[in-house]
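J.: have a look; sequence and predicted model below, questions after that.
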Amino acid sequence: MNEIIQKIEEAQLKKEVPEFRVGDTVKVYGKIKEGNRERIQVFEGVVLKKQGGSNRATFTVRKTSNGIGVEKTWPLHSPLVEKVEVVRQGKVRRAKLNYLRNRSGKAAKVKALVK
């Protein structure tokens, strides 16, 4: 049974998975269906966490819209996620950035990674 599930999950994986980490600012191009039309909407924000593995992997992105924090969790291998584009790499020392939820203004910023 386990081998059957593995084969099904491997068939659902995307060929090219974008390389990004927690703390990076990313643009997620998501497909939105309205009636019989389909369009792509961009959601840009900081990656708070990545979790899961295989085809169940998800990542959470947080942005502020009109002064209100908005978080959205995206499945990494979903067909509704067109692409993920890294805008800026962040320098963080945590795996999950839950502390950003309590901060506002400049305190909610993540330092840029300088190479």
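T.: Happy to help now that I have it.

J.: can you check the pLDDT for residue 1?
T.: pLDDT recorded at residue 1 is 63.

J.: I misspoke; the intended subject was residue 89.
T.: Looking at residue 89, its pLDDT reads 94.

J.: who touches it in this structure?
T.: With contact set as CB atoms under 8 Å, 6 or more residues apart in numbering, residue 89 has these partners: 21, 23-24, 112-113. C-betas here are computed from N, CA, C, even on glycine.

J.: let me have those in TSV, adding neighbour count, pLDDT and distance to residue 96 as columns.
T.: Compiled in TSV, the contacts of residue 89 are given as follows (neighbours: other CB atoms under 10 Å; pLDDT from 0 to 100; distance: CB to CB, whole Å):
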residue	neighbour count	pLDDT	distance to residue 96
21	15	94	12
23	22	94	10
24	23	95	14
112	12	90	20
113	13	86	18
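
J.: narrow these to those in strands?
T.: Assigned to strands by DSSP state E, none of the contacts of residue 89 qualify.

J.: farthest-separated two in these?
T.: The distance between the two most remote of these (CB to CB) is 13.0 Å, for 21 and 112.

J.: which parts of this structure are helices?
T.: Secondary structure of the chain (DSSP state H): helices located at 2-12.

J.: follow-up on the earlier one: now do the shared contacts for residue 21 and residue 112.
T.: With CB under 8 Å, 6+ apart, residue 21 and residue 112 have common neighbours 89-90.

J.: how about the nearest residue to residue 61, chain neighbours excluded?
T.: Distances taken as CB to CB, 6 or more residues apart in numbering put residue 45 closest to residue 61, at 4.3 Å, once the chain neighbours are dropped.

J.: what is the neighbour count of residue 60?
T.: By other CB atoms under 10 Å, 19 other residues sit near residue 60.

J.: that one: what's it in contact with?
T.: Counted by CB under 8 Å, 6+ apart, residue 60 has contacts 47-50, 71-74.

J.: list only buried entries from those.
T.: 47-49, 74 (16 or more other CB atoms under 10 Å).

J.: distance of residue 60 from residue 51?
T.: 8 Å (CB to CB, to the nearest Å).
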